[in-house]
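Asker: Pasting the sequence and the predicted coordinates here, then a few questions.
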Amino acid sequence: MEDFEDRLLDLALEIGGDGRIWRSAATGKPERLVRGIYLDIAPEQETTSLLIAPEGWLISLMEIEEAEEGTIGEPPWCFVKTQFGSVEGHVFLVELLAAIKKEFIPDLEVHDEGDYLETRDVQRLREQFGRLNSTIAGMRDGLQNHGLTAEAAEDPDIVVARIQRIAE
């Protein structure tokens, strides 16, 4: 485990990211040790949690307490949002997870909505990031240009209807 943590921290620092080693256990339950590392790989990219529950499962930052208590019933799904970060950050994360699967966690399932894992096509990934960023910018501009009154913003039905019209 120390080798896993050390190597991941070294990689993150090498690319200009950051990482923090984690250790915690429920009060009175030292055998329920949660350990690992969480990484900040690229600006605007969500933190990557590589924390291991006592069962050997990867868990997210939000599941630490449940892992310490032993109340997680099955291996959870973890995810990292990369769409607000860089293409390079996405590529690094996918390659990192592929290496972790190969060397440390052979049954790790990785799903890449950007399709980079399957294709290793950086240009295609750049195009997908561009389309997504354009869509997000269009929604942002539409919401700014067609805002709601304070009273209308309190009604979820009005908010949903406005967002649907802007999206169309």
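Answerer: Looks like it arrived, so ask away.
Asker: Next, residue 20: phi, psi?
Answerer: phi -140, psi 130 (degrees, to the nearest 10).
Asker: ranges for the helices of the protein?
Answerer: Secondary structure of the chain (DSSP state H): helices located at 2-14, 64-69, 87-103, 116-119, 122-145, 150-153, 156-167.
Asker: Would you mind saying which of those helices lies nearest residue 45?
Answerer: helix 87-103 (4.4 Å; CB to CB). For glycine as for every other residue, the C-beta is placed from the backbone atoms N, C-alpha and C.
Asker: returning to that earlier point: select from the helices of the chain the stretch with the lowest mean pLDDT.
Answerer: Mean pLDDT is lowest for helix 150-153 out of the helices of the chain, coming in at a mean of 74.
Asker: Convert the C-alpha atoms of it to CSV, please.
Answerer: Taking C-alpha atoms only, helix 150-153 is exported to CSV below (Å, rounded to 0.1, in the frame of the first residue of the first chain):
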residue,chain,number,x,y,z
ALA,A,150,-36.6,36.5,-7.8
GLU,A,151,-40.2,35.3,-7.4
ALA,A,152,-40.1,33.0,-10.5
ALA,A,153,-36.7,31.6,-9.4
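Asker: So what's the residue count around residue 19?
Answerer: 20 (other CB atoms under 10 Å).
Asker: who's in contact with it?
Answerer: Residues in contact with residue 19 (CB atoms under 8 Å, 6 or more residues apart in numbering) are 8, 9, 12, 13, 37, 38, 39, 40.
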